[in-house]
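Colleague: Predicted model and sequence follow; I will ask about them next.
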Amino acid sequence: MATVEPRHERNDPTAGQIGAYYTVDIAQSAFSDAASTAGGRCSPCAANDFATKPTTLAESLKVSRGQLRWKLVLNALQIRSNCRIVNVVTTYASDAGDSPITDLNFGIIYENDDWIPTTGTSIDGSTTTTTKILYLADKIAEALNTDHTENMSVYDPTSGTGLIANTAVTVAQVMGAEGEIVEGITVAEVTGYRKNVAAEVPTDSALTYSAE
């Protein structure tokens, strides 16, 4: 009998990893914080996540635009393979809803990154993609450079007590200089992610019978 190990699916018990882990850093200080479709940057946080909710509808719409871009980023990252987002860290000047996000960090665990290509071109045409890391950065940049409109639940503080309104939210490019969007994105692979040890590798425990 022979054992064939499924290395292609990231399950190699002798030298491999279970899945693949990438880290992402999106530096956003240069991205627009204007009360326009370009504003809002990119963040998974909603209005009720802040200690102090947004004080105006314009500020609340920025938060919603940040959420919408986050959704577009997630959609772009899952085109080739199923993935899970972990270890999300957001950096704000304060925990108030009117404060813009300045940095977003998160991890991506892919079931099988062999399906992620290594070819393409960055959004400004300055870089040819040659690695999976560059491909992932390109997809994030594309999401942040996209025009998109979608109905969302938006916190509206103008009523005094605050209401949730179903509003068509539009996002545009986070900044006009496409090259600077790309420069704000850093992707790295954690190459030692979940390395198997001998004690965790199952053995063939099938019973052997002999005829009597």
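Modeller: Arrived safely, thanks for sending.
Colleague: Show me what secondary structure element comes after the helix or strand bottoming out on mean pLDDT in the chain.
Modeller: Lowest by mean pLDDT, DSSP states H and E among the helices and strands of the chain is strand 120-121, with a mean of 82. As assigned by DSSP states H and E, the chain's next helix or strand after strand 120-121 is strand 128-129.
Colleague: After that following strand, which helix or strand is next?
Modeller: The helix or strand immediately downstream of strand 128-129 is helix 132-144, counting by DSSP H and E.
Colleague: Might you list the low-confidence residue ranges for the chain?
Modeller: Applying pLDDT under 70 to the chain flags the ranges 1-18, 159-162, 194-212.
Colleague: Go ahead and measure how far the longest helix seen in the chain is from the middle of the chain.
Modeller: With secondary structure taken from DSSP state H, the chain has its longest helix at helix 57-77. Its chain's C-alpha centre and that of helix 57-77 lie 12 Å apart, by C-alpha atoms, centre = their mean, to the nearest Å.
Colleague: Next: stretch 45-61.
Modeller: Remark: stretch 45-61 is offset 21 Å from the chain centroid, using C-alpha atoms, centre = their mean.
Colleague: Stretch 96-113 now?
Modeller: Taking C-alpha atoms, centre = their mean, one finds the center of stretch 96-113 at 6 Å from the center of the full chain.
Colleague: for stretch 87-101, same thing?
Modeller: Taking the mean of its C-alpha atoms, stretch 87-101 sits 16 Å from the chain's own mean (C-alpha atoms, centre = their mean).
Colleague: Pull out the buried positions in that stretch.
Modeller: Going by neighbour count (16 or more other C-beta atoms under 10 Å), the buried part of stretch 87-101 is Thr90, Gly97, Asp98, Pro100, Ile101. From N, CA and C alone the C-beta is placed, and that goes for glycine too.
Colleague: Provide the backbone phi and psi angles at the third one.
Modeller: Torsion angles at Asp98 (phi, psi; degrees, to the nearest 10) stand at phi -80, psi 0.
Colleague: Quick check: it vs Glu178, distance?
Modeller: The gap separating Asp98 from Glu178 is 28 Å, by C-beta to C-beta, to the nearest Å.
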